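model this:
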Amino acid sequence: MMEEAASQKRDWSSLSEDVLAEILRRIKWSGHPSFGLVCRRWQSARALSPFYPAWITPLLLTAVTAGTTASFRYYSPYYHKTFKFDTKLAAPPGAKIFCATGGLQLTLGTRKKVIIADIGTGAVCELPPTSRTKFDFAVHDDSVGKVYGVKLADGVDVSHATRLRNSEWSVGWEVCNLMDQHNYTFFTPSPDCSPVLHDSSLYIMGTNGQLLVYNLKHNRRPQIFGKHRRFRFKFKACYLFECDQRELMAAMVGHRGTPVNVFKLNKRTMEWEKTESLDGSSLFTGTPTTMMKRTNIKWMQDKIFLPRLFDRPETIVVDLVQRDNELAFVPKLGFTHLPTAKDENHGIHMWTCELGHGGTNQRVVLELSVDNLAMVVASQERDWSSLAVDVLAQISSRVRWSSLPSFGLVCRQWQSARALSPFYPAWITPLLLNATNVGTSTSFRCYSPYYHKNFKIDTKLEVPPRAKILCTAAGGLRLALGLPYKVLSAELGTGDMNVLPPISKPGFNFAVYDDNAGRMYGVETSSGLSASLAIRHSNGEWGQWEECDMMDVDPPFTVSSNCNPLLHDGSLYILGEDGRLVVYNGGSHDQWFEILEKPHGFGFKCENSYLFESDQHELMAIFAGHHGTPVNVVKLNKHTMEWEKTESLKGRTLFTGTLTTMMKTTNIKGMQDKVFLPGLIDWRETIHVDLVQRDNELAFVPKLGFSHSTMQDDNYDTNIWTYELGQGEEARAFWGIHRVDPSIWIDFSSS
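Numbers count the residues shown, from 1 in each chain. Next comes the predicted model:
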């Protein structure tokens, strides 16, 4: 649609301001600055639709209930303003805000009652009553549909309610495994800090730095870590949080707010290590929830924010408006001018410090967006569309790839400028990656099912000829390569290569990256089933492999030879040829294998089977018959622990047939409800490209000449082997298909 509009011959900048304002009301909030760059009329049109982005920094939320209406106030440290938002939310007076999911969904607590409320719609869902007195904290795990209530009086008491498949909640609260009574004398929970969900466990902070850990997945008896450990200084409050690197951290605030110290949990020693720098991030703490965020706003970098204000901020009555998963505050009455980007000398009105200072209060810090975008409002007055095409092309080369179609909407000059900088977006669909060695260099080819083209990338990677691509990480840019007794970690973009510590096995059959936790799992199946775990230290170096062998079982367990194991809910799941599952827990202090009693298997033989996780966080498998047909998809029912056949992909697309399998949601109608496997009808055009990254978006840029990146219509004919569920044996089999081996699906959309 955007490309079609880009061919519009009319100069859009000549339209009246009210028409341009209407266009702006229909596009993403973050797209507005791009239009302001183009010409004066767009700037005037933007003035008719004022708004404040809600995603720039976390916000401080307070709630006031008056009658049947709740007023929410969001304080922005960036704008130093309070945005007042009235909803029809009928929250009970005195309700406490426990936590927020995405900033819009709140978990509230009253005496013997827990409520989930949607700020945007005003909808309220009341959870089953609890026999306990009022919870001190509650944690909402939306990925598995559970709410955990925590009571701290007279020892620690944890219960959970579960959302069922029909979206109703369980009849009552289930009590988690209790700690040994005598252990309560060793642990005093912090009254200031909400528990944190981390790696499928619930971590509760103690007043002296101890941690009480509930293993939620296996419901084991909780453990206390740091039982005899004491910090060597006194502090008034401590706050537990998970940083953007998925490490467990804590902020300790001293008496009267000073000093503030930050610690990181060393997972190998289970001890706290002091952190001397925030590495350019900002820390928002002093409330039951604490957040660390990366920011491009210089004056906010390396700062710790606590909920104390030096002066009363201006209050603006707003509507909270959502567009394409972006939230903004839109003033209800009059016009409040949007300030330009803050400079380094911006006056700070909120209590801040660097490491070694601090403060505290009882309001809740929450974040209102999945994106961490910093908006720069352009004040340029020149009509940019009047500039020469080569100058506009230079501007285009500095903006996000996904923003370029927006420039093409505006005027003919921008369309001509875009033609000088051709590119193919690399994030539209997963790509089929394979590698070939030529001399000392390696060429990587990425086949796109969308464009039906091969994009050849020449790198400086000196990959040994026998190396096998085991898996990918970092959005497809990092590769794990397998060799006899050796594993390599290679960066596709930079050409950097790291050699991991040697392994005692002849070689891994499979490998899995857990990039968030800095771990790599290797699985060997040639001589029984064994798994090894390597952990990347904070200095970037990899530790030695820790091995765990599975005991012999009867009947024997034969691993599916086609697909990598899968990380799911913190554990590694390994698929058997018959559909049974083995679970490996790779904890550094507690490693074990377990063959699940259920599922019993698929119930019939299949030639190829692949395990994957759906976009709904469900465990699924796909298996193909002889010569590729038929193809069946099954989902694991978590209640019965049996495979259930899936009749429809519900508009999604499945990419399988390699060590990695991916399910993706797509707006491309011709690709919906299709299964893609790595077989080509014929070899299509190969384009030599550079892989270029801008603002976490990757694109293929042709090296020589220009190849036009055409959009596909709904009826395009695919060049890759596809299957639609329910086709049966009449679907095209693998006969006459060119297999792309060895290959692996990668997804650049998460780079």
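
My reading is that Ser402 lies in a helix. Confirm?
Yes: using DSSP: H, G, I helix; E, B strand; the rest coil, the assignment for Ser402 is a helix.

all strands for the stretch 101-250 of the chain, in order.
Using DSSP state E, counting those that start in this stretch, the strands assigned to the stretch 101-250 of the chain run over residues 105-110, 113-118, 124-126, 137-141, 146-151, 157-162, 174-175, 196-198, 201-205, 211-215, 223-225, 237-242, 248-253.

okay if I get these as TSV plus mean neighbour count?
Every residue, glycine included, has its C-beta placed from N, CA and C. Formatted as TSV, those follow (neighbours: other Cβ atoms under 10 Å):
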stretch	mean neighbour count
strand 105-110	21
strand 113-118	20
strand 124-126	15
strand 137-141	21
strand 146-151	21
strand 157-162	20
strand 174-175	13
strand 196-198	19
strand 201-205	22
strand 211-215	22
strand 223-225	18
strand 237-242	23
strand 248-253	23
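
Would you agree Ala517 is in contact with Asp199?
Yes: using Cβ atoms under 8 Å, Ala517 is in contact with Asp199, at 7.0 Å.

overlap in contacts of the two?
The contact sets of Ala517 and Asp199 do not overlap (Cβ atoms under 8 Å, 6 or more residues apart in numbering).

returning to that earlier point: quick one, which of the strands of the stretch 101-250 of the chain gets closest to Val321.
strand 113-118 (14.8 Å; Cβ to Cβ).

State the mean pLDDT of that closest one.
For strand 113-118, mean pLDDT rounds to 84.

ok, Asp324 touching Trp55?
No: between Asp324 and Trp55 there is no contact under Cβ under 8 Å: 11.9 Å.

Of those two, which one has the most company?
Set Asp324 next to Trp55 and count neighbours by other Cβ atoms under 10 Å: Trp55 wins out with 22 against 10.

Am I right that that one is in a strand?
No: applying three-state DSSP, one finds Trp55 to be coil, outside a strand.

Distance check, it against Phe241.
Here the criterion is Cβ to Cβ, to the nearest Å. By it, Trp55 lies 19 Å from Phe241.

what's near enough to touch Lys598?
640-642.

follow-up on the earlier one: Ala47 is nearest to which of the strands of the stretch 101-250 of the chain?
So among these, strand 113-118 is nearest, using Cβ to Cβ, at 31.8 Å.

Alpha carbons only: can I get the closest one in CSV?
Extracted in CSV, the C-alpha atoms of strand 113-118 (Å, rounded to 0.1, in the frame of the first residue of the first chain):
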residue,chain,number,x,y,z
LYS,A,113,-9.7,-9.4,46.3
VAL,A,114,-7.5,-9.0,43.3
ILE,A,115,-8.7,-7.1,40.2
ILE,A,116,-7.2,-6.8,36.7
ALA,A,117,-8.2,-3.5,35.0
ASP,A,118,-7.7,-2.1,31.6
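
Going by contacts, tell me the helices and strands next to that strand.
Strand 113-118 sits against strand 105-110, strand 124-126, strand 146-151, with contacts defined as 3 or more Cβ pairs under 8 Å, 6 or more residues apart in numbering; DSSP states H and E.

Quick check: can you name the pairing partners of it and their directions?
strand 105-110 (antiparallel), strand 124-126 (antiparallel) (DSSP bridges).

Now tabulate the strands of the stretch 101-250 of the chain in TSV and tack on distance to Arg308.
Formatted as TSV, the strands of the stretch 101-250 of the chain follow (distance: least, Cβ to Cβ, whole Å):
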stretch	distance to Arg308
strand 105-110	23
strand 113-118	27
strand 124-126	32
strand 137-141	23
strand 146-151	27
strand 157-162	32
strand 174-175	38
strand 196-198	24
strand 201-205	22
strand 211-215	28
strand 223-225	32
strand 237-242	13
strand 248-253	12
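
between those, which gets nearest to Gln693?
strand 237-242 (26.2 Å).

tell me the angle that closest one makes with strand 211-215.
40 degrees (axes from the mean of the first three to the mean of the last three Cα atoms, to 10 degrees).

Identify all contacting residues around strand 237-242.
Contacts to strand 237-242, defined as Cβ under 8 Å, 6+ apart, come from residues 190, 192-196, 198, 203-205, 207, 209, 248-253, 285-287, 289-292, 360.

got the end-to-end distance for stretch 487-498?
9 Å (Cα to Cα, to the nearest Å).

which of the residues in that stretch are buried?
Residues of stretch 487-498 classed as buried: 487-490, 492-493 (neighbour count, 16 or more other Cβ atoms under 10 Å).

which other helices and strands contact the host helix or strand of Phe455?
Assigned by DSSP states H and E, Phe455 belongs to strand 453-458. On a contact count with 3+ Cβ pairs under 8 Å, 6+ apart, strand 453-458 meets strand 441-448, strand 686-694.
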